[in-house]
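Engineer: could you work out the structure for the sequence below:
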Amino acid sequence: MEKKLQENIDRAIALLKTPKEYEKYISIKLSPPSGCCCSDCWPIAWQRINSAIAPCGPIKHEGDVLIEVNGDRFVLEQHESGPEIIIYLALATATATLVKAIIDLITTVIKILSSEDRKQPSRIKISKRIIIKGKVQEEKLIEIDIPMSKDMQKHLEEAIKQPLNNLSKK
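Structural biologist: Next comes the predicted model:
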C-alpha cells in the first residue's frame, strides 16, 4: 500500500509542480464497498464528474487532473478502487476556500455515484491517508449511506475539515 500511495502522490507532484516531501501530502480516498469505480465501469458517472470539474478536466480512464479553485490547487485521481483527492499541505494551508472546494467535490461525486443506474453503491467510505516516517497511516473519517442526507452532509464537512486543519498546522 505504501508504494501505491507514493505512486499516487508522485503523479500529483507532477501536476502540482511541488517537492517530493511525502509527509506534506494528504490523500482523501472515496471507496465504494465493492466493485470497480473506473470510467469503463461507470461511464455516465465519470461524464458527470467531468462536467462538474470543468474547466479543470476532463479526467481520463485511470488518470488524474489538477483542480484549481480560487488559487487553491489539489489533484483528483481516478482509480478502480474509487476517486482520490491529493492535497499538498505546504501549498494549501487548509483555507476555507480549499476545504469548501474539497467538500463540494466529494459531495458532488457521492451524489453522482448514487444516481448511477447500474451498480449503485449503498455506502461510501471516506478515509484519510498520509505517509509518516515512510509508513502509510490510514484513518477512516466517515462512512456515508447513499443517498446522502443533510445531516450526513454536515458530518462529512466536519470529518473533512478536522484532518485538513490539523495537518496544515504541523
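Engineer: give the contact list for G71.
Structural biologist: Residues in contact with G71, defined by Cβ atoms under 8 Å, 6 or more residues apart in numbering, are T97. All C-beta atoms are positioned from the backbone trio N, CA, C, and that covers glycine.
Engineer: can you check V99 too?
Structural biologist: Applying Cβ under 8 Å, 6+ apart, the residues contacting V99 are I160, K161, L164, N165.
Engineer: quickly list what the residue nearest the centre of the chain is bridged to.
Structural biologist: Central residue of the chain (Cα atoms, centre = their mean): I85, 2.7 Å from the mean position. For I85, the beta-bridge partners under DSSP bridges are I28, L76.
Engineer: Q153: how many residues sit nearby?
Structural biologist: 15 (other Cβ atoms under 10 Å).
Engineer: pretty sure it is touching D104, no?
Structural biologist: No: with contact defined as Cβ atoms under 8 Å, Q153 does not count as touching D104 (10.6 Å).
Engineer: what's the lowest-mean-pLDDT helix or strand in the chain packed up against?
Structural biologist: Lowest by mean pLDDT, DSSP states H and E among the helices and strands of the chain is helix 150-168, with a mean of 80. On a contact count with 3 or more Cβ pairs under 8 Å, 6 or more residues apart in numbering; DSSP states H and E, helix 150-168 meets strand 25-31, helix 96-115, strand 123-132, strand 135-145.
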